[in-house]
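In: Would you be able to build a 3D model of this:
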Amino acid sequence: MERLRGFEDLDVFRRAYRVSLEVHRASLGFPSIEQRALADQIRRASKSICVNLVEARVPSLSNDGDGIG
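Out: Residues are numbered from 1 along each chain as shown. Below is the predicted model:
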């Protein structure tokens, strides 16, 4: 069994990243009135999935010095 080297090797990360890109592309087609609020929120939410996976895989990135991951 091959050892995982980083979060990029996780299938769930690769899938979440692809979905995030698809969401971003789809949100670009929203009406201009929705671009600043709804589309922005949807984009940030889709990206947060990838960020959470990275932070879970690389705990040192989420450590702010207080000793709590």
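In: Spatially central residue in this protein, please.
Out: In the chain, the centroid-proximal residue (Cα atoms, centre = their mean) is Cys50; its distance is 2.3 Å.
In: Tell me who's in contact with that one.
Out: Neighbour list for Cys50: 13, 16-17, 20 [criterion: Cβ atoms under 8 Å, 6 or more residues apart in numbering]. For every residue, glycine as well, the C-beta is placed using N, CA and C.
In: Kindly write the ChimeraX command that selects the buried subset of those residues.
Out: Buried subset of those, written as a ChimeraX selection, criterion 16 or more other Cβ atoms under 10 Å:
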select :13,16,17,20
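In: Quick check: phi and psi at Leu10.
Out: For Leu10, the backbone dihedrals (degrees, to the nearest 10) come out as phi -80, psi 130.
In: Could you verify my assumption that it touches Ala56?
Out: No. At 9.6 Å, Leu10 does not count as touching Ala56 under the criterion of Cβ atoms under 8 Å.
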